[in-house]
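Asker: I would like to see how this sequence folds:
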Amino acid sequence: MVTTRPKAYEEEVLLADFHAARIGPLEPEAVRTFLERWAAALLAENPERARRHARELIEAVESRLEIRRIASNPVMLSALAVLQWNEKRMPERRADLYDSILMWLARSRKRRPGRLNPEECIKVLQELAGAMQRHTEGRQVQVPREWAARELKSQFQGDAGRALAFLKEEEADSGIVVNRGADVKFWHLTFHEFLAARLLAGMNDDERRGLLFAEGRAWLPEWREVVLLLAGILHQQRDKKVDALVSEALDDLYGSPPRAGVKPELTKQARCFGLLGAMLRDLQPLGYAPPDPRYAEVKNAVLGIFEASKAAAIPLQTRLAAAEALGQAGDPRLRLPSDPDYWVKVEGFEIGKYPVTVQEYARFVDDGGPKPERWDGQLPRANCPVVGVTWFEAKAYCDWARVRLPSEKEWERAARGTEGREYPWGNQEPDPDRANYRETKLGQASPVGLFPRGSTPGGIADLAGNVWEWVDDWYDDSKKYRVLRGGSWNDYSSFLGASVRLGLRPGDWNDYYGFRCAREVFP
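Answerer: Sure thing, here's the model as predicted:
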């Protein structure tokens, strides 16, 4: 057996009579085995300390999705292990995490005479990420190597040949960029986005404002992660840098100078709040809060569409448009199952506040999970329930997220409460202000939580209407059908009762079948 990494990237191998095989990503069990053996080798003289360090490593790597995804690559897993050992913890902010990993990779490159040092290497790769992000045809994740060399030649005194040589050398052993035939790309999209954010952080305020807001890039989906990571990098510099970024976004919303007595459209407020809310969620561990009073004003206006006391005064179509804009920008209400705010406690267990959304399910797909039917068409509606899923796909998602589907009894207990409600909200008949069903006339699934008057007293949303929800149980003793509960946007009101059940084959799907998660109660 012959193993090679750099030569394969340079396309200089395929030995006669050899069969080439590419190594796949590490499975979770393999990651744990690696970390256990890493700790045992590192602390061979103290087995108890080695076991403790292995537990800490495994907990740190499995604590967040972005870390788990990176850890499936052996080089990245090594970087994470070194990072934990050197810094005694895994950074809480994504910006710090990616910064540490990239610098470790840059410092691990082979040292040759004339080769750029790690800091210079990162600076050049920032320029490449920025050029790919600002491409005239929209953000590119893979570009011809010759094009990249031309974009970088200014970093090499105008010598495109040196820029080309730099790229080939980095593809061979940096782990940051990789070869794809005649093209080059960053090993992981996150590296691309983080380095583009670093480039923006180094610009002066006017230059950055012009690039992000004067040309409207900040609101584009492919720029969202760049802006979020930019906030983290600016916070490393000082709070006032983040304050300026928040105010620039609000200036773009309100106009600068603002027009007296004119308020922005609710949909534009939702777009702005979606971006800023996600940015602040990233900075939450640091206790950052923007001083600009306009942020609180926008937040109150947008989140009002999800509050029963305020929603009644806002027409449904206006609320729908605002909620969809919020979903496209990044709905800050949505959490991962690892977040305590994801759950609502019911006696004996916890259940998801909302059905699993497209935004949440997309992380599963990105991590290798199966795509449901009509997946590409769902992506623009990120805060709507994922649909087109079979029972098997719902179960696979729950296994991946380390949770489970609710049992039928648990689902009904959540919907009916201890008092035995006829509907999740009580005993009043359904109406278009309480649920998305046929008489509401939306004709499709709606953003989760859009009908707050239809939530349970405990705040569990969308248990009636919107989408049918798979649960864990068989429909009857034949064990041919699995149960769905709750009714959907395509059903009449008679299907919305908290006791109504439907049985379908577990491999069936439709654009009104979804699911939500449950888990045991944790203290």
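Asker: same for whichever strand or helix holds Leu234, what does it pack against?
Answerer: Per DSSP states H and E, Leu234 falls inside helix 224-237. Helices and strands touching helix 224-237, by 3 or more C-beta pairs under 8 Å, 6 or more residues apart in numbering; DSSP states H and E, are helix 94-107, helix 189-201, helix 239-254, helix 266-283. (Each C-beta comes from the backbone N, C-alpha and C, glycine too.)
Asker: As a markdown table, the ones you listed with mean pLDDT, mean neighbour count and distance to Arg374 would be great.
Answerer: Formatted as a markdown table, the helices and strands packed on helix 224-237 follow (pLDDT from 0 to 100; neighbours: other C-beta atoms under 10 Å; distance: least, C-beta to C-beta, whole Å):
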| stretch | mean pLDDT | mean neighbour count | distance to Arg374 |
| --- | --- | --- | --- |
| helix 94-107 | 89 | 20 | 31 |
| helix 189-201 | 95 | 24 | 24 |
| helix 239-254 | 92 | 19 | 33 |
| helix 266-283 | 87 | 22 | 24 |
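Asker: between those, which gets nearest to Asp173?
Answerer: Closest to Asp173 of the helices and strands packed on helix 224-237 is helix 94-107 (C-beta to C-beta; 9.5 Å).
Asker: ok, and what's touching the closest one?
Answerer: With contact meaning C-beta atoms under 8 Å, 6 or more residues apart in numbering, helix 94-107 is reached by 66-67, 70, 75-76, 79-80, 82-83, 87, 90-91, 118-119, 121-122, 174-176, 190-191, 194-195, 197-198, 228-229, 232-233, 235-236, 282.
Asker: in the helix or strand just after it, what counts as buried?
Answerer: Using DSSP H and E, the helix or strand that follows helix 94-107 in sequence is helix 118-133. Neighbour-count burial for helix 118-133, counted by 16 or more other C-beta atoms under 10 Å, picks out 118, 121-133.
Asker: after helix 118-133 comes which helix or strand?
Answerer: Toward the C-terminus, helix 118-133 is succeeded by strand 142-144 as the next helix or strand (DSSP H and E).
Asker: Give me the distance from that following strand to the chain's centre.
Answerer: Its chain's C-alpha centre and that of strand 142-144 lie 25 Å apart, by C-alpha atoms, centre = their mean, to the nearest Å.
Asker: what pLDDT, on average, does that strand get?
Answerer: What strand 142-144 shows for mean pLDDT is 97.
Asker: What is the subsequent helix or strand relative to it?
Answerer: Next in sequence after strand 142-144, counting helices and strands by DSSP H and E, comes helix 145-152.
Asker: Whatever helix or strand comes next after that following helix versus helix 118-133: what angle between them?
Answerer: On the C-terminal side of helix 145-152, the closest following helix or strand by DSSP H and E is helix 160-173. Orientation check (axes from the mean of the first three to the mean of the last three C-alpha atoms, to 10 degrees): helix 160-173 against helix 118-133 gives 100 degrees.
Asker: tell me which residues of the very next helix or strand once past helix 160-173 are tucked away?
Answerer: Going down the chain from helix 160-173, the next helix or strand is strand 177-180, by DSSP H and E. Neighbour counts over strand 177-180 (16+ other C-beta under 10 Å) mark 177-179 as buried.
Asker: Now do the phi/psi pair for Trp470.
Answerer: In this entry, Trp470 is assigned phi and psi values of phi -60, psi 140 (degrees, to the nearest 10).
Asker: who's it bridged to?
Answerer: Note on Trp470: beta-bridge partners by DSSP bridges are Leu484, Phe515.
Asker: Quick check: it vs Ala435, distance?
Answerer: Using C-beta to C-beta, to the nearest Å, Trp470 is found at 19 Å from Ala435.
Asker: could you measure the most centrally placed residue in the chain against Lys263, distance?
Answerer: Centroid check for the chain by C-alpha atoms, centre = their mean gives Arg363 as the closest residue, at 5.7 Å. Per C-beta to C-beta, Arg363 is found 35 Å from Lys263.
Asker: One more: Ile58?
Answerer: 50 Å.
Asker: higher neighbour count, these two?
Answerer: The residue with more neighbours, out of Ile58 and Lys263, is Ile58; 18 against 14, by other C-beta atoms under 10 Å.
Asker: for that one, what are its contacts?
Answerer: Contacts of Ile58 (C-beta under 8 Å, 6+ apart): 31-32, 35-36.
Asker: Which one (most neighbours) among the residues you listed?
Answerer: Counting neighbours by other C-beta under 10 Å, Leu35 comes out on top of these with 25 neighbours.
Asker: residues touching Pro118, list them.
Answerer: Neighbour list for Pro118: 103, 106-107, 109 [criterion: C-beta under 8 Å, 6+ apart].
Asker: Could you check the pLDDT of Asp17?
Answerer: According to the prediction, Asp17 has pLDDT 80.
Asker: you'd agree it is in a helix?
Answerer: No. Going by DSSP: H, G, I helix; E, B strand; the rest coil, the assignment for Asp17 is coil, not a helix.
Asker: Next one: Ala313 from Glu48, what distance?
Answerer: Ala313 is 63 Å from Glu48, by C-beta to C-beta.
Asker: whoops, I mixed them up, Pro74
Answerer: Pro74 is 27 Å from Glu48, by C-beta to C-beta.
Asker: Which one's more surrounded, these two?
Answerer: Pro74 (14 against 8).
Asker: count of residues packed around Lys110?
Answerer: Residues near Lys110, counting by other C-beta under 10 Å, number 10.
Asker: meant to ask about Gly458
Answerer: Number of residues near Gly458 (other C-beta under 10 Å) recorded here: 13.
Asker: tell me the contacts of it?
Answerer: For Gly458, the contact set (C-beta under 8 Å, 6+ apart) comprises 344-346, 417.
Asker: try it again with 7 Å
Answerer: Neighbouring residues of Gly458 by C-beta atoms under 7 Å, 6 or more residues apart in numbering: Val344.
Asker: Domain-wise, how is this protein divided?
Answerer: 118-196, 203-223+232-329, 340-520 (automatic domain parsing).
Asker: Adding distance to Ala41 as columns, could you present those domains in TSV?
Answerer: Converted to TSV, the domains of the chain look like this (distance: least, C-beta to C-beta, whole Å):
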stretch	distance to Ala41
domain 118-196	22
domain 203-223+232-329	32
domain 340-520	28
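Asker: who wins for proximity to Leu26 among those?
Answerer: The closest of the domains of the chain to Leu26 is domain 340-520. By C-beta to C-beta, the value is 11.8 Å.
Asker: list the contacts for Asp205?
Answerer: If you count contacts by C-beta under 7 Å, 6+ apart, Asp205 has them with Ala244.
Asker: Could you report the distance from it to Trp219?
Answerer: Counting by C-beta to C-beta, the separation of Asp205 from Trp219 is 19 Å.
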